[in-house]
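S.K.: coordinates only, sequence not included:
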């Protein structure tokens, strides 16, 4: 979801029930223009709540777990 940055729940931003947007780099509720975080060491993932990567990172443990579960559900994704 591009609003809450979650990969755990399968929904899109227009269907998101969260009241505010979550910024994809620092995991807080503000817009891009006001974010002061520019050092990747201080990125805060909104999915796993770990510091050091943003919510779009393919190294995120939450993303990896979700991707593995998708791969196990579909024969087409096992290539």
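M.R.: Looks like it came in fine. A quick note: this is a predicted structure, and the numbers were derived from the prediction, not measured.
S.K.: how about the most centrally placed residue in the chain, what does it touch?
M.R.: For the chain, residue 55 is the residue whose C-alpha lies nearest the centre (CA atoms, centre = their mean; 3.3 Å). For residue 55, the set of contacting residues under the criterion of CB atoms under 8 Å, 6 or more residues apart in numbering consists of 5, 7, 22, 24, 25, 27, 45, 46, 47. All C-beta spots, glycine's among them, are computed from the backbone N, C-alpha and C.
S.K.: Residue 62 too?
M.R.: Contacts of residue 62 were listed using CB under 8 Å, 6+ apart, and they are 7, 8, 45, 47, 48.
S.K.: Using the three-state scheme, assign the first one.
M.R.: Under DSSP: H, G, I helix; E, B strand; the rest coil, residue 7 falls in the coil class.
S.K.: Distance check, it against residue 21.
M.R.: As defined by CB to CB, to the nearest Å, residue 7 lies at a distance of 16 Å from residue 21.
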